[in-house]
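*Asks:* any chance you can model this:
(one chain, ligands or ions: 1)
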Amino acid sequence: MVSKELLEILRCPNCVREKDGLLNLHRDAWLVCQDCGRKYPIVDEIPVMLIDEGDKWAATSVEDLPVPPPMK
Ligand SMILES: [Zn+2]
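*Replies:* Just a heads-up that it's a prediction; the model follows:
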């Protein structure tokens with residue numbers, strides 16, 4: 001589990017400068033940006049907050065995200 005405290009401070013790196021970039025936790029495995037729809041995987045309990053990584057999943061609907069996320 002990713003700690004609640006960490007989740008509360010994490011923001012989408014793409015959006016945080018101009019918007020809230022708030023993230024919604026999906027099945028303890030993904031963080032979904034409510035502004036741009038990028039989806040950041042949580043791998044080994046570490047959120048991978050890379051814009052490139054979020055880009056890869058931006059077009060995938062939340063229901064179709066693999067759980068657990070694929071390792072690189
Ligand atoms: Zn975003």
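
*Asks:* from K56, how far off is P68?
*Replies:* 16 Å (CB to CB, to the nearest Å). From N, CA and C alone the C-beta is placed, and that goes for glycine too.

*Asks:* could I get the full set of helices for this protein?
*Replies:* Assigned helices in the chain, in chain order: 4-9, 51-56 (criterion: DSSP state H).

*Asks:* what's next to the first one, contact-wise?
*Replies:* Applying CB atoms under 8 Å, 6 or more residues apart in numbering, the contact partners of helix 4-9 are L23, L25, L31, P47.

*Asks:* pull out the buried positions in that helix.
*Replies:* For helix 4-9, a neighbour-count test (16 or more other CB atoms under 10 Å) marks nothing as buried.

*Asks:* same check on stretch 21-40?
*Replies:* With burial defined by 16+ other CB under 10 Å, the residues of stretch 21-40 counted as buried are 21-23, 29-33, 35-36, 38-40.

*Asks:* just the residues you listed that are near the ion?
*Replies:* Among these, proximity to the ion is found for G21, C33, D35, C36, R38 (CB under 5 Å from the ion).
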